[in-house]
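In: Below are the sequence and a predicted model for it; my questions follow.
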Amino acid sequence: MTVVDAAALTAWVREFARLVHEQRDTLTQLDSAIGDADHGANLDRGMTAAVAALEATPPDDPAAALKTVATTLIKTVGGASGPLYGTFFLRAAGALDVGTDPTHHGRALAAALRAGYDGVIARGKAERGDKTMLDALGPACDAFDEALAAGKALDEALGAAAEAAAQGRDATEPLIARKGRASYLGERSAGHLDPGAASAALLVEAAATALAGRG
Amino acid sequence: MTVVDAAALTAWVREFARLVHEQRDTLTQLDSAIGDADHGANLDRGMTAAVAALEATPPDDPAAALKTVATTLIKTVGGASGPLYGTFFLRAAGALDVGTDPTHHGRALAAALRAGYDGVIARGKAERGDKTMLDALGPACDAFDEALAAGKALDEALGAAAEAAAQGRDATEPLIARKGRASYLGERSAGHLDPGAASAALLVEAAATALAGRG
Amino acid sequence: MKKLINDPADVVPEALRGLAAAHPELRVDHEDRVVLRADAPVQGKVGLVSGGGSGHEPMHAGFVGMGMLDAACAGEVFTSPVPDQVVAATRGVDGGAGVLHVVKNYTGDVMNFEMAAELVSAESDTEVIAVVTDDDVAVQDSLYTAGRRGVGVTVLVEKLAGAAAEEGRPLAEVADVAKRVNATGRSMGMALTSCTVPAAGRPTFDLPDDEMEIGIGIHGEPGRRRVPVAPAREIAEMLVEPILADLDMTGGDGVIAFVNGMGGTPLLELYLMYAEVVAVLEKAGVGIARNLVGSYMTSLDMAGCSVTLLRADDELLRLWDAPVRTPSLRWGA
Amino acid sequence: MKKLINDPADVVPEALRGLAAAHPELRVDHEDRVVLRADAPVQGKVGLVSGGGSGHEPMHAGFVGMGMLDAACAGEVFTSPVPDQVVAATRGVDGGAGVLHVVKNYTGDVMNFEMAAELVSAESDTEVIAVVTDDDVAVQDSLYTAGRRGVGVTVLVEKLAGAAAEEGRPLAEVADVAKRVNATGRSMGMALTSCTVPAAGRPTFDLPDDEMEIGIGIHGEPGRRRVPVAPAREIAEMLVEPILADLDMTGGDGVIAFVNGMGGTPLLELYLMYAEVVAVLEKAGVGIARNLVGSYMTSLDMAGCSVTLLRADDELLRLWDAPVRTPSLRWGA
Ligand SMILES: Nc1ncnc2c1ncn2[C@@H]1O[C@H](COP(=O)(O)OP(=O)(O)O)[C@@H](O)[C@H]1O
Ligand SMILES: Nc1ncnc2c1ncn2[C@@H]1O[C@H](COP(=O)(O)OP(=O)(O)O)[C@@H](O)[C@H]1O
Ligand SMILES: [Mg+2]
Ligand SMILES: [Mg+2]
Ligand SMILES: [Mg+2]
Ligand SMILES: [Mg+2]
């Protein structure tokens, strides 16, 4: 059985799109408190387009799936999250090398996510603790790597990653934002979850759900 | 004792100004429902100025008192009620001829009020029943004339006039406005008192109060 | 009440101070609350005077300048100016060729301007003609009532008659242009929210979150009917169709289409509305020769809009295109 | 939510259709949502491109035309445009003398314009320089944060750099003008009410009837602090004093003072605010050389205003006075 193939990643993207659509209002409300009330609409627009693009031209290989998502997000989202999520998927696509051995797929995926995460850092020049999506993505990558290193199965490792992402999201609440729109609020940004961290937690949760049972 | 002298008319004007100031918000609220929410502010501004003008240059005779009120209202009120009340006082001043016999003062005042009323008709081209200040002024003039003709004392006659004005004001409620700003509402103007009729009722009430005990 | 003001009683004089500071090309007579072209009176030119209650900015003071008004009288909020103001304005713009009063058809405006004209003619031989605008199709035109309100067409009258005066045409002709514009222009307005008169301190009417008023004027008066909030597409129909039913706008050289914001409505929405108005007119076979989109005749902070259509001809289009240089309408200069 | 719109998802393309219909002197690329001068590219002239989220009208599309922008990219409401839009605009205005990107300092705007510049340079030899505006003194300028927001100064940059480009000056010089304006201009804003993003359907923040937000941006983001509603006089101090504390505005040839409405505030109040700003500046010994009062950079239907001061000099005043012909800023042409 192929673990990380185009179908699996398409399923991940679909599940992320579904979650974003479902939680569109929640994301927008989080962005109302410390931003400009568009994060839900932005990502929903982008992910709806990404799913449509994958349907229009089903990708041949897993990297192609991620690349389609990347270019679609860059073309349709705008704002801060468009280039950032776009860069995430673009770098992940470039780094994804599943090879022929299914038992390596987990580590290949972990490397791709890590590359995506590094891409977001490079593009947005933020650090962990700045109250951004990095605060969910970073812990997720770490937890994923650790679980795989500890010999956990993909399922379990993704579960750990999703758990870490959710914790990272929750941990943004007390932080004072230093990057993105929330930084304009200064100390008033404390006491609210970061919307991008919330959507990033959905991204990892979607991976855990969509890839469940694959290894 | 002189019944209708400059002091008496000044007292009337003061009392009218006091009532208008006190009921400024009520008048504005009536004007909010079927007009533009300024009748209270308009008349309050004008009557405050009129009282100040009478204080600055105390009038020599009763007609001069009315004339000062007229020109002050015309200079300071604007809107529909400025020229109309201004014309009312101007014509009343012109018609006021108290002569030397105090027992004629009542009829002299009645003639002046009637002249003022006719002036409002001439200036505004409305009729009774159009839902305007005429609907309070007209019945007041009629009742005043009738009471004097029936030999009633000035006190009592003014009381009857005030009563008639109040009834006339109340009777504007079901009417559909045909003149002034309320006419734009068509049938929606029904069900509300006319603000100008309400202020005109205060004018007559003020006369009854201020001139009480004078005859 | 949330407004950028100090004492509600001082709104008009204080705003005039700001206007004077912002526009050295105007002269403001603060005592009479009259705004004049700094070069008034222009010798040999018909003087144009308008005015009305304040709260409709930029109308009228924002239209004082070359090619439009020579003076504007600022009344209290929603209260027509008093005769003395109009007299001062008329005197100030009298360059020997007579003065045109552009008066919106409201009882107060008409009476105060009339009284002013009487005073002027009693004291001087300045010729004054008054043109009363009454273009609001929301109000039935009847001999037994106050008649229709003067709304959006007033802005067009001021531009077009102003251009005619600038060409040096005599008073009678300038007045004819104004009358013709009023006769061939019609308007209809709507509100999403009430405005709040500063001195009143609370909204003039209450409007539930899911309702709007159709057929409003520009003084916060309620409209002719209250209906559920509708998409812009349907609102455009509700505004344009009564205009077309009242006056045939086909033929001629197309219309000047004016989509006006009521003060609290952003330009983004006005352009969107304009697209819908264009669609309705296209379906009705009415061509658009010129347009004006923006908040030019407002009702304080009211959210909403009005549509004005003017059946144009060669001459009116020429006058429309003529240079104008005022704080709020400016082109070609 | 009360707005003159149809489906909230279609607000931007529908408003662009209205803009295109209203302004034949512009060319609208509806697919890429780019608004261009109809005569773009102007050969031999530096092209000016700006853009950002929609909801700030007339900025930026209303400033496209002779003497100001060559193109504007319209993003979704409050969402910066995507790189493809900026690429299309850049190509469309490239007259051989290079292109200036005027970018407001928001993470999204900066990144999307950067990616576009990368794409342009990968595919052509068009020279692109980006100038990022960051004039909002409500936000602390720090290396560790996203820095200050770009607000009112952006309008002034577009006017002044646009005039420099119209004079035929080379890209580096036009960019220098833009940088100088940004370096010597500062802004501060406040809100009486929140705006409502169409797609969100409810106000971005709740503000009690007796409170206002000081230090807001133009995206409905809450401000730096919430204080009781105050008279215009005090609001003017709250806005002007932090600007003067940040940058010395005395000396030179006086300032260009810009009082801007946030979309839901009527002109009457803006003029009143301008009078108060003048008073504060007088007390501080700051002269005013030019001014701009109106709603030029809005935040949908937000009620409120911002003040921008730019320390002017001979050159900047000359560029300010140069003719400009756009839908929303026009003089001398
Ligand atoms: N420099 C940055 N690095 C990483 N993430 C960022 C950065 N700036 C903003 N973000 C993320 O983007 C989210 C906001 O996205 P969105 O609302 O779609 O864009 P915008 O802020 O332009 O409206 C923030 O909640 C934050 O997580
Ligand atoms: N043509 C008229 N004749 C008599 N009274 C009138 C006429 N038009 C209006 N009024 C009176 O004026 C009142 C309104 O006054 P006010 O609110 O001060 O002026 P405006 O209508 O100009 O705002 C109305 O309630 C009505 O009684
Ligand atoms: Mg956002
Ligand atoms: Mg009234
Ligand atoms: Mg009034
Ligand atoms: Mg945004």
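Out: Received, thanks. Ligands and ions are numbered 1, 2, ... in the order given.
In: Please make it C-alpha for all contacts and neighbour counts, starting now.
Out: Noted.
In: How about the secondary structure of whatever residue of chain A ends up closest to chain B?
Out: Distances between chain A and chain B by C-alpha to the nearest C-alpha are smallest at residue A:32, namely 35.4 Å. Classification of residue A:32 using DSSP: H, G, I helix; E, B strand; the rest coil returns helix.
In: Now do the contacts for it.
Out: Residue A:32 makes contact with A:38, D:204, D:205, D:221, according to C-alpha atoms under 8 Å, 6 or more residues apart in numbering or on different chains.
In: And for residue A:71?
Out: A:86, A:90.
In: Surely it forms part of a helix?
Out: Yes - under three-state DSSP, residue A:71 falls within a helix.
In: where's it relative to residue A:82, distance?
Out: 10 Å (C-alpha to C-alpha, to the nearest Å).
In: go on, residue A:199?
Out: 12 Å.
In: Same check on residue C:72?
Out: 51 Å.
In: try residue A:190
Out: Counting by C-alpha to C-alpha, the gap from residue A:190 to residue A:82 is 24 Å.
In: Give me the more crowded residue out of those two.
Out: residue A:82 (30 against 19; other C-alpha atoms under 10 Å in any protein chain shown).
In: next one: phi and psi at the more buried one?
Out: Dihedral angles of residue A:82 (phi, psi; degrees, to the nearest 10) stand at phi -60, psi -60.
In: and if you look at residue C:186?
Out: Residue torsions, per degrees, to the nearest 10, at residue C:186 are phi -140, psi 150.
In: What of residue C:294?
Out: In terms of degrees, to the nearest 10, the main-chain angles of residue C:294 are phi 160, psi -180.
In: For it, which non-adjacent residue is closest in space?
Out: residue C:260 (5.2 Å; C-alpha to C-alpha, 6 or more residues apart in numbering or on different chains).
In: For the one you found, which three-state class applies?
Out: strand.
In: pLDDT score for residue 170?
Out: Since no chain was named, I'll use chain A. Residue A:170 carries a pLDDT score of 98 in this model.
In: Hmm, no, I was thinking of chain C.
Out: At residue C:170, the model reports a pLDDT of 98.
In: show me where the chain has helices.
Out: No chain in the question, so chain A it is. Counting by DSSP state H, the segments of chain A that form helices are A:6-22, A:24-34, A:39-56, A:62-76, A:81-95, A:105-124, A:134-149, A:154-171, A:195-210.
In: right idea, wrong chain: chain C
Out: Going by DSSP H, chain C shows helices at C:11-22, C:83-93, C:107-123, C:153-166, C:171-184, C:232-246, C:267-283, C:314-321.
In: Mean neighbour count added to these, as a markdown table?
Out: Conversion of the helices of chain C to a markdown table gives the following (neighbours: other C-alpha atoms under 10 Å in any protein chain shown):
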| stretch | mean neighbour count |
| --- | --- |
| helix C:11-22 | 22 |
| helix C:83-93 | 25 |
| helix C:107-123 | 20 |
| helix C:153-166 | 27 |
| helix C:171-184 | 20 |
| helix C:232-246 | 19 |
| helix C:267-283 | 23 |
| helix C:314-321 | 17 |
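In: For residue D:290, find the nearest of those helices.
Out: Comparing the helices of chain C by their distance to residue D:290 (C-alpha to C-alpha), the top pick is helix C:11-22, with 8.1 Å.
In: hmm, that closest one touching chain D?
Out: Yes - judged by C-alpha under 8 Å from any C-alpha of the partner chain, helix C:11-22 comes into contact with chain D through C:11, C:14, C:15, C:16, C:17, C:18, C:19, C:21, C:22.
In: so where's chain C uncertain?
Out: Counting by pLDDT under 70, chain C contains no low-confidence range.
In: quick one: pLDDT of residue A:102?
Out: 83.
In: cool, and the one 3 residues further on?
Out: As predicted, residue A:105 sits at a pLDDT of 90.
In: which residues touch residue C:129?
Out: Neighbours of residue C:129 in contact, by C-alpha under 8 Å, 6+ apart: C:98, C:99, C:100, C:101, C:171, C:175.
In: Try it again at 10 Å.
Out: C:48, C:98, C:99, C:100, C:101, C:102, C:117, C:171, C:172, C:174, C:175 (C-alpha atoms under 10 Å, 6 or more residues apart in numbering or on different chains).
In: now swap in residue A:188 and tell me
Out: A:33, A:34, A:175, A:176, A:177, A:182, D:222, D:223, D:224, D:225.
In: Tabulate the helices of chain A in TSV, adding columns for distance to ligand 5.
Out: As requested, these are exported to TSV (distance: least, C-alpha to the ion, whole Å):
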stretch	distance to ligand 5
helix A:6-22	51
helix A:24-34	40
helix A:39-56	45
helix A:62-76	51
helix A:81-95	51
helix A:105-124	56
helix A:134-149	59
helix A:154-171	56
helix A:195-210	49
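In: So for ligand 6, which of those sits nearest?
Out: Ligand 6 lies closest to helix A:39-56 among the helices of chain A, at 6.8 Å (C-alpha to the ion).
In: just the angle between that closest one and helix A:24-34, please?
Out: With axes from the mean of the first three to the mean of the last three C-alpha atoms, to 10 degrees as the basis, helix A:39-56 and helix A:24-34 are set at 140 degrees to each other.
In: Could I get the CA-only coordinates of helix A:39-56 as CSV?
Out: Extracted in CSV, the C-alpha atoms of helix A:39-56 (Å, rounded to 0.1, in the frame of the first residue of the first chain):
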residue,chain,number,x,y,z
HIS,A,39,-9.1,35.2,7.7
GLY,A,40,-12.0,32.8,7.4
ALA,A,41,-13.2,34.3,4.1
ASN,A,42,-9.6,34.4,2.8
LEU,A,43,-8.7,30.7,3.5
ASP,A,44,-12.2,29.5,2.5
ARG,A,45,-11.9,31.2,-0.8
GLY,A,46,-8.4,29.8,-1.4
MET,A,47,-9.1,26.2,-0.3
THR,A,48,-12.3,26.0,-2.3
ALA,A,49,-10.3,27.1,-5.3
ALA,A,50,-7.5,24.6,-4.4
VAL,A,51,-10.0,21.7,-4.3
ALA,A,52,-11.5,22.8,-7.6
ALA,A,53,-8.0,22.9,-9.1
LEU,A,54,-7.2,19.4,-7.9
GLU,A,55,-10.5,18.2,-9.4
ALA,A,56,-10.0,20.0,-12.7
